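>>> no sequence on this one, just coordinates:
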């Protein structure tokens, strides 16, 4: 385990662990993401772009996970909540980073940045991911959003961001 | 060739060599951590620039070294940092990461300089020159010192990808191609 993951995992803060377990629930996490996008972004076109980027990034993550087959840190620790899927890159972090990048030109960007970093941190608190899984999620999110942006502009001729 | 382009590519190569030095001295973990936080801070600065806030020295840096026809201020630097983060996080062998950084830093940098001075246009992409593509391949070969003979097909594939007229920026396609090929081959 790398020092950042070890630090996060050894924090032993009850509230943080509780929040991490809530975010660990896929359904709750997706509801939070959907609610944030719908609440903060009012334009239908931009909403469609964000959700398309999130879906495409999730597809990329599934493909990369099956190819890389990295074991989660929690497997060797024998933690009961440890998911059966592979580790690299983090799906939660990729989705949170994709949403963050979608708001790069908005005043609300910092909220999404803090949210994405918090989500990423909670994955290490639970040891379901190591720091490298989080770091790998960031380029996946950036490249995915860029692809959606390019495709969107070629189809609709809209401005970037 | 304009002076700014030369300065831009020299900076591109120096930063790449710096990333290589960090990898060789401190290891993959430190490089990945640094690149992760550089990208996060860089994105925050891009956001501040979007909002019209003053970012001081960063603004001067972007004005001096960035191209003008880019999606957002700091685009080139953001792509470069993302590319290094991609190879550092996806590839586990430090030697493979080192070879990839050489391709991204030296190969791409030299290709741009040689390409600007080149005369023979590629038949499938009139915006690029044969000299640039050949320079990319040759300048990527120092990666041999890290990964051996395998650098030849990798450099060739990267040079071809760089020369293609794709809708995506080559600052994005080259690191993706290098990472994908290394993952499949090794």
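Received, thanks. Since the model is a prediction, treat every value here as computed from it, not as a measurement.
>>> Regarding residue A:94, what is its secondary structure?
helix (DSSP: H, G, I helix; E, B strand; the rest coil).
>>> The residue nearest to it when sequence neighbours are not counted: what secondary structure?
Once flanking residues are discounted, residue A:94 sits nearest to residue A:137: 4.1 Å by C-beta to C-beta, 6 or more residues apart in numbering or on different chains. C-beta here means a position set from N, CA and C on the backbone, and glycine is covered the same way. Classification of residue A:137 using three-state DSSP returns helix.
>>> Residue A:137 and residue B:160: what is the separation?
In this view, residue A:137 and residue B:160 are 29 Å apart by C-beta to C-beta, to the nearest Å.
>>> Looking at those two, which one has more neighbours?
residue A:137 (31 against 14; other C-beta atoms under 10 Å in any protein chain shown).
>>> so what's the more buried one up against?
Listed by C-beta atoms under 8 Å, 6 or more residues apart in numbering or on different chains, the contact set of residue A:137 reads A:61, A:89, A:90, A:93, A:94, A:97, A:120.
>>> what about the last one, helix or strand, and which?
Secondary structure assigned from DSSP states H and E places residue A:120 in helix A:109-125.
>>> Quick check: which helices or strands does that helix pack against?
The contact analysis (3 or more C-beta pairs under 8 Å, 6 or more residues apart in numbering or on different chains; DSSP states H and E) places helix A:109-125 against helix A:3-9, helix A:14-24, helix A:26-40, helix A:91-102, helix A:131-156, helix B:28-50.
>>> Run the angle between that helix and helix A:26-40 for me.
Interaxial angle of helix A:109-125 relative to helix A:26-40 (axes from the mean of the first three to the mean of the last three C-alpha atoms, to 10 degrees): 170 degrees.
>>> what angle sits between helix A:109-125 and helix A:14-24?
Computed by the same axes, to 10 degrees, the angle between helix A:109-125 and helix A:14-24 is 100 degrees.
>>> which residues touch helix A:109-125?
By C-beta under 8 Å, 6+ apart, helix A:109-125 touches A:4-5, A:8-9, A:11, A:16-17, A:19-20, A:23-24, A:29, A:36, A:40, A:90, A:92-93, A:96-97, A:99-100, A:102-103, A:129-131, A:133-134, A:137, B:40, B:43-44, B:47.
>>> And residue B:126, which helix or strand is it part of?
With DSSP H and E as the criterion, the answer for residue B:126 is strand B:125-129.
>>> Downstream of that strand, the next helix or strand is which one?
Next helix or strand after strand B:125-129 toward the C-terminus (DSSP H and E): helix B:130-140.
>>> Dump the helices and strands packed on helix A:109-125 into CSV; add distance to residue B:14 and mean pLDDT as well.
Shown next, in CSV, are these (distance: least, C-beta to C-beta, whole Å; pLDDT from 0 to 100):
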stretch, distance to residue B:14, mean pLDDT
helix A:3-9, 28, 92
helix A:14-24, 40, 94
helix A:26-40, 39, 95
helix A:91-102, 27, 97
helix A:131-156, 22, 93
helix B:28-50, 15, 93
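>>> Skip the chain neighbours and tell me the closest residue to the residue nearest the centre of chain A.
Chain A has residue A:93 as the residue nearest its centroid, 2.2 Å off, counting by C-alpha atoms, centre = their mean. Spatial nearest neighbour of residue A:93, excluding adjacent residues (C-beta to C-beta, 6+ apart): residue A:137 at 3.8 Å.
>>> next one: stretch A:117-124 to chain centre, how far?
Remark: stretch A:117-124 is offset 9 Å from the chain centroid, using C-alpha atoms, centre = their mean, to the nearest Å.
>>> ah, wrong one, I meant stretch A:30-41
14 Å.
>>> One more: stretch B:82-99?
12 Å.
>>> Average pLDDT for it, rounded please.
For stretch B:82-99, the mean pLDDT works out to 96.
>>> Identify each buried residue in it, please.
For stretch B:82-99, burial by neighbour count (16 or more other C-beta atoms under 10 Å in any protein chain shown) applies to B:82-91, B:96-99.
>>> now the strand holding residue B:126 and helix B:130-140, what's the angle there?
Using the same axes, to 10 degrees: strand B:125-129 against helix B:130-140 is 50 degrees.
>>> So what are the sheet partners of strand B:125-129 and their directions?
Paired strands of strand B:125-129, with direction, are strand B:121-122 (antiparallel) (DSSP bridges).
>>> any idea of the mean pLDDT in the strand it pairs with?
pLDDT averaged over strand B:121-122 gives 92.
>>> Need the three-state assignment for the residue nearest the centre of chain B.
By C-alpha atoms, centre = their mean, chain B has its centre lying nearest to residue B:104, at 3.7 Å. With three-state DSSP as the basis, residue B:104 sits in helix.
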